[in-house]
Structure formats: structure tokens, C-alpha cells
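J.: 3D model of this:
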Amino acid sequence: MSLIPSILGGRRSNVFDPFSQDVWDPFEGLFTPSSALANAAPARDVAAFTNARVDWKETPEAHVFKADLPGLKKEEVKVEVEDKNVLQISGERSKENEEKNDTWHRVERASGKFMRRFRLPENAKMEEVKATMENGVLTVMVPKAPEKKPQVKSIDISG
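T.: Coordinates of the predicted model:
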């Protein structure tokens, strides 16, 4: 999978994914009155939170997941293990209370639920998963089982 920086916005996306949320729409807002745009969150912004961005790297000792979840508390996020090798990260950001007297000029922060699932390889120790949350970044560590080296037995050659 090739991840490259986007020219517009600096976000990483999979260029070959036809369902990627990072596609620039030249017609966005063209047919919508400007007052309606000021009062509604664009669907792409909502999808950006709904499909929370997660980095997954593998080190010699563990699989490490980092998810950017700005504004969420650890109580609003769930990390679960499913079917012995599926890691699931989910949560929800509540919509901000609106006052009838308030006039919104722009709404860009998204609200709603998100869920990401990752099928891990057999060497993952799912019973030892640890998660921490600091400054809106969730870090999940899944330790790896040590590689089993094949036993080699020397055979004496007679003759």
C-alpha cells in the first residue's frame, strides 16, 4: 500500500483507494448558497472524523497503532479485541449544544461515531494489549510473540 502526502492539505491518503476521503472537489459549494454553507458541516468533514486516521507500524517487539482523536477523553474511546486477532477502536464525539440566540458562521468540527478494525497477524499477543491516551492521541501497543526459530539437528555422515 502506497501512502503519499497530499499536495492539498498535507494529509496522507491511499492514491489507489477510490473511496478515499481526501479527494478535492472543485464543485464543492458551487451550487449551494453561501448562507447555507456557513450553517452546515460539509459531509467530507464529518467523514474525516467518522473515519478516524490511524497509523500502524510494526517494530521488532510490537504492533503500534496511533490514532488522532482531538477533543476526546479516554472515557469516550473503546479499545477491544474481537475474534482473537481483530483490534477494534471506536468512540463518539457528541454534538455541541446549540443556543437559539447563537449565530453560527462556520461549522468545521465534526461529531459522530467512529470505528476502525484491524486484523492482526498470528504473532500478535492479543491478551497483552495496552492502550494510552495523551493530548488527543490514542496509542495502542500489541506485543508480538518471539519468532520461533526452526530447530536444526546436525546429522553425522558415516562412511
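J.: pLDDT score for the residue nearest to residue 115 when sequence neighbours are not counted?
T.: Take residue 115 and drop its neighbours on the chain: the residue closest to it by CB to CB, 6 or more residues apart in numbering is residue 90, 4.1 Å away. The way it works is simple: take the backbone N, C-alpha and C, and place the C-beta from them, glycine included. We have a pLDDT of 92 for residue 90.
J.: going forward can the numbers begin at 28, since that is how I track them
T.: Yep, numbering from 28; the last one is residue 117 now.
J.: contacting residues around residue 117?
T.: 104-105, 107, 140-143 (CB atoms under 8 Å, 6 or more residues apart in numbering).
J.: residue 154 looks like it's in a strand, true?
T.: No: assignment of residue 154 by DSSP: H, G, I helix; E, B strand; the rest coil gives helix, placing it outside any strand.
J.: burial of it, as a residue count?
T.: 8 (other CB atoms under 10 Å).
J.: surely residue 107 touches residue 143?
T.: No: using CB atoms under 8 Å, residue 107 is not in contact with residue 143, being 11.2 Å away.
J.: what about the two, which has more around it?
T.: Taking other CB under 10 Å, residue 107 and residue 143 do not tie; residue 143 has more neighbours (16 against 12).
J.: on the three-state scheme, the more buried one is what?
T.: Following three-state DSSP, residue 143 is assigned to strand.
J.: can you pull the contacts of it?
T.: 78-79, 81, 94, 115-117.
J.: is it bridged to anything, and to what?
T.: Residue 143 has these beta-bridge partners by DSSP bridges: residue 116.
J.: which residues in this protein form strands?
T.: Applying DSSP state E to the chain gives strands spanning 30-32, 39-41, 81-85, 89-95, 104-109, 113-120, 139-146, 157-161, 164-170.
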